[in-house]
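Asks: Next input, structure requested:
(chains A, B and C)
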Amino acid sequence: MTNLFDIPADPAAGGHSGLSAAPPGGARPNQSEPHGRTAESEALLAGLNPQQRAAVEHRGAPLLVVAGAGSGKTRVLTRRVAYLLAAGGAHPGEILAITFTNKAAAEMKERVADLVGGRARAIWVSTFHSMCVRILRSEAAHLGIKTTFTIYDSADSMRLVGMVASDLDLDTKRNTARALAAAISNLKNELIDPATAAERAETDIQKVTAEVYAGYQARLRAAAAFDFDDLIMQTVGLLQAFPAVAEHYRRRFRHVLVDEYQDTNHAQYTLVRELVGGTTPDAGGPGAAVGVAAHLPPAELVVVGDADQSIYAFRGATIRNITEFERDYPDARTIMLEQNYRSTQNILSAANAVIAGNTDRRAKSLWTSEGSGEKIVGYVGDNEHDEARFIGQEIDKLVDDTACRYGDVAVFYRTNAASRAIEDIFVRTGMPYRIVGGVRFYERKEVKDVLAYLRAVANPDDEVSLRRVLNTPRRGIGDRAEAQVVIFAEQERIPFADALRRVDDIAPLLATRSLNSIVSFNRLIDGLRSLVSDGGDPADLATAVLDRTGYRAELEASDDPQDASRLENLEQLVTVMREQAEMLIAARQAAAEGEAEASATDEEVGALAAESALLAAQLDGQQMLTGVLEQLSLVADADAVPDSEEGVVTLMTLHTAKGLEFPVVFLTGLEDGIFPHMRALGDAKELAEERRLAYVGITRARKRLYVTRAVTRSSWGQPGSNPPSRFLDDVPDEVVDWRRLIENVPFVDRDDDFFSSRAIGSGRSSPVSASRFGDRTPQSRFGDKMPPRGPATRGGGVGSKPPLELRKGDKVSHDKYGLGTVKIVDGVGVRATATIDFGSAGTIRLMLIGGVPMVKL
DNA sequence: GAAAAGGTGCTTTTT
DNA sequence: GCACCTTTTC
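Replies: Here you go, the predicted model:
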């Protein structure tokens, strides 16, 4: 397959698809004067404070809006977009607004539409990734790539890295693949290509990484696939390699707005620069815009962000983009929004105090005119179950006693795994709740299996997907058979899929069963492809996959209750695909109408719009399938949608919570080792990011904030104890009402005494002195008995339990097999085994090491 | 080759 | 405590 940038000549202008059509008249004067004050423009400025107003009205030079949490930055962005149309004389097709999540994009689009009506349809509001996909598809012909390319998520990437590593005879443990994939991702975020990575590699690890990276990119190209980082990196490469293409987009987008700018990584930063045009202070350096026609002034750039809310450094985001904005764009202006319209003063005081713990930040202090509000409520549970119980009780109390509805409440935690304890209680007490994120729908095995079929059908080169489904459901094509095909493909230097087609050539090397299975697998795929070419829609195709592969039959035949829910998931997948297909058609129509409307005079609008909408809707089966698969890859949060749905408590990680707000927020697991996370404790930079995460969490709350922790918490199946989070120390005492406050004691490793500290007043004797807040001076509320900071102390493990001592004839009860009689005992100590007759469950030989789920009766 | 038992290592966070 | 991987057994 041709490499992306092999094409030597600059593509001729005019080859772009309809979606990138330039607005009539080409570039417009950049600093167009406002049309003066009209009723419409006045209305758009109404209700804004002076800073917000300045940001909305600002024209010309690049603008950085430093906005604190809850200061109405989304409002400013949407108003600005509307204002550009109403008072700035901007053309809707000239506006590009980039957000980080699809949800944010959808919301902004909706709000702008509320303000300016149908004109909003021609505005590009998009995430970085969706935008890049659209650009790459439009320019596919120039790049020597197919428009049917597949998008690999991180799991697919890891699989591919694993395949490359095994090609190179490297250790292919999962951890290795994960580390390599992360290293490659970092390189891509820094816009470093494999050749450069190899040049710069000094350590052995870097050399290996560069080698795998090169093989990985080759495999991606061969599979006609892009990973998430690729989407950005290759788009940047495209704009840099083809000045005419870059200029085309610069002419088109005269207003570029970026939300959540603090979360951009280097590649995204460069992409913005390329789209905006203009020059850099250190021209020629990395990120310098190339080939800008002298007569084309840079687009108007407005970025909005809050360095204190940067929580994605782990995926390459760099605050430098926001802190150095004025250096990057020397004529830039900065506007600060500090007034908060979301939270009470108590909550803001806590947020300010916590974030103040970070040095090296631009001082910023949120304030509100709303008054202090309720105190923050604190609670220390004996363990995570007690913590969860308190949360459940408190929510019920709020709903019963106040105007609060379940939908007003959110519970945040640091890691997805932490949701379990809370869920347990909620399920048991019948609390209505929903989890956002976590084990995502699209990450479930059965869903990925079916999607892999669809991808393999849509993109014949997609080796990762093809090999995933080759023996799913099991049809007798085992590792040996697959390996033979791989070897044959290497010998003949043909793609895996082609080797599979020529299975007859290696028939002698295969078991008859494998051979037959491969032949019928080929037929299966052919059949599915013809379904697509006959114009079948993606949902029908998914149904056909379920029927023809026997996937559905296998699940239906199973009596495992998990398989029943798998079936439900698959049904839901088919439904989602049907909806997506409809949305795709609707979106095409809307875009086409928008384009038509934007480029036509009023009289022509109706006819033209209708005509192009009809054209756009004429998607063939292949386009439809590609489009739907793309949606599913990019819109991974389709099952998110908290939308403050009536009557449902929302559970999510702190990262997912960004950009949202709730009247009532529970911040859980405030323990050193949990939040801040153990992995961050040793590293000042990571600790600073954890602190920002705490700041994000606190500032989600509008009226009431709860902070909770647990003295003991089980993780990895073992109980342990964590000191209180250092973030709690920073919260001023006068804004917190501690409902229950107990001290930690050094963890005691005794099976019968896990919970060795108790609250005063619990009615039981306490091994240590504990205190309620209020019994002491606030400053010393944790006294000097606080255990030293550091990783959690751990209790004894399974292995420390004594082995089970059995003799022939003993009766036992096993958790899984039930009652049994010992028949034979072999070996001594940890090597001892027993052969036990479990009656109808069979006769089984078991090891007797400690922790075996069996007791002697 | 499939099924099942045993072993291993895991937990950041996500577009 | 769990999911996933490896080994064992039929």
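
Asks: and chain A, which residues reach DNA strand C?
Replies: Along chain A, the residues adjacent to DNA strand C under the rule Cβ under 7 Å from any atom of the strand are A:174, A:445, A:714, A:716-717. Placement of C-beta: from N, CA and C, glycine included.

Asks: Show me the residues you listed that map onto strands.
Replies: Counting by DSSP state E, the residues of chain A next to DNA strand C place residue A:714 in strands.

Asks: how close does residue A:109 sit to DNA strand C?
Replies: Going from residue A:109 to DNA strand C by Cβ to the nearest atom of the strand, to the nearest Å gives 35 Å.

Asks: Residue A:540 too?
Replies: In terms of Cβ to the nearest atom of the strand, residue A:540 sits 29 Å off from DNA strand C.

Asks: Distance check, the closest residue to that residue other than its chain neighbours against DNA strand B.
Replies: Nearest non-adjacent residue to residue A:540, counting by Cβ to Cβ, 6 or more residues apart in numbering: residue A:531, 7.0 Å away. From residue A:531 over to DNA strand B the distance is 26 Å, taken as Cβ to the nearest atom of the strand.

Asks: Residue A:531 in helix, strand or coil?
Replies: helix (DSSP: H, G, I helix; E, B strand; the rest coil).

Asks: in stretch A:665-683, what counts as buried?
Replies: A:665-678, A:680-681 (16 or more other Cβ atoms under 10 Å).

Asks: Next: stretch A:425-434.
Replies: A:425-426, A:431, A:433-434.

Asks: does residue A:378 count as helix, strand or coil?
Replies: strand.

Asks: Can you name the residue of the stretch 201-350 of chain A that approaches DNA strand B most closely?
Replies: The nearest approach of the stretch 201-350 of chain A to DNA strand B comes at residue A:314, 3.3 Å away (Cβ to the nearest atom of the strand).

Asks: same deal with chain A?
Replies: Counting by Cβ to the nearest atom of the strand, chain A gets nearest to DNA strand B through residue A:478 (2.3 Å).

Asks: residues in contact with that residue?
Replies: A:471, A:514 (Cβ atoms under 8 Å, 6 or more residues apart in numbering).

Asks: what are the phi and psi values for the residue of chain A found nearest DNA strand C?
Replies: Among the residues of chain A, residue A:717 lies nearest to DNA strand C; the distance is 2.8 Å by Cβ to the nearest atom of the strand. The phi and psi values for residue A:717, taken as degrees, to the nearest 10, are phi 70, psi 10.

Asks: Give me the phi and psi angles of residue A:824.
Replies: Dihedral angles for residue A:824 - degrees, to the nearest 10 - are phi -140, psi 140.

Asks: Then residue A:225?
Replies: phi -130, psi 150.

Asks: Give me the local confidence score for it.
Replies: As predicted, residue A:225 sits at a pLDDT of 91.

Asks: Then residue A:342?
Replies: So residue A:342 comes in at 93 (pLDDT).

Asks: what do you get for residue A:60?
Replies: For residue A:60, pLDDT reads 88.

Asks: Isn't residue A:346 up against residue A:368?
Replies: No - with contact defined as Cβ atoms under 8 Å, residue A:346 does not reach residue A:368; the gap is 9.9 Å.

Asks: okay, these two: which has more neighbours?
Replies: residue A:346 (25 against 20; other Cβ atoms under 10 Å).

Asks: re the thing from before, is it true that the residue nearest to residue A:540 touches residue A:538?
Replies: No - applying Cβ under 8 Å as the test, residue A:531 and residue A:538 come out as separate, 10.2 Å apart.

Asks: Looking at the two, which is more packed in?
Replies: Between residue A:531 and residue A:538, counted using other Cβ under 10 Å, residue A:538 has the larger neighbour count: 27 against 20.

Asks: Spit out the contact partners of the more buried one.
Replies: With Cβ under 8 Å, 6+ apart, residue A:538 has these contacts: A:454, A:577-578, A:580-581, A:624-625, A:628-629.

Asks: now, which of those lie within strands?
Replies: Among the contacts of residue A:538, no residue falls in strands (DSSP E).

Asks: For my notes, please list these in JSON lines and give neighbour count and pLDDT for each entry.
Replies: JSON lines is the format used below for the contacts of residue A:538 (neighbours: other Cβ atoms under 10 Å; pLDDT from 0 to 100):
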{"residue": "A:454", "neighbour count": "25", "pLDDT": "91"}
{"residue": "A:577", "neighbour count": "26", "pLDDT": "86"}
{"residue": "A:578", "neighbour count": "17", "pLDDT": "87"}
{"residue": "A:580", "neighbour count": "22", "pLDDT": "82"}
{"residue": "A:581", "neighbour count": "20", "pLDDT": "86"}
{"residue": "A:624", "neighbour count": "23", "pLDDT": "89"}
{"residue": "A:625", "neighbour count": "26", "pLDDT": "90"}
{"residue": "A:628", "neighbour count": "27", "pLDDT": "89"}
{"residue": "A:629", "neighbour count": "22", "pLDDT": "88"}
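
Asks: burial measure for the nearest residue to residue A:177 once chain neighbours are set aside, as a count.
Replies: The shortest distance from residue A:177 to any non-neighbouring residue, by Cβ to Cβ, 6+ apart, is to residue A:162 (4.4 Å). Residues contacting residue A:162 under the criterion other Cβ under 10 Å number 21.

Asks: what helices or strands is the host helix or strand of residue A:162 leaning on?
Replies: Under the criterion of DSSP states H and E, residue A:162 resides in helix A:154-167. Under the contact criterion of 3 or more Cβ pairs under 8 Å, 6 or more residues apart in numbering; DSSP states H and E, helix A:154-167 touches helix A:174-189, helix A:204-222, strand A:225-227, helix A:463-469.

Asks: quick one: buried residues of the host helix or strand of residue A:273?
Replies: Per DSSP H and E, residue A:273 falls inside helix A:266-276. Buried residues in helix A:266-276, defined by neighbour count with 16+ other Cβ under 10 Å: A:266-276.
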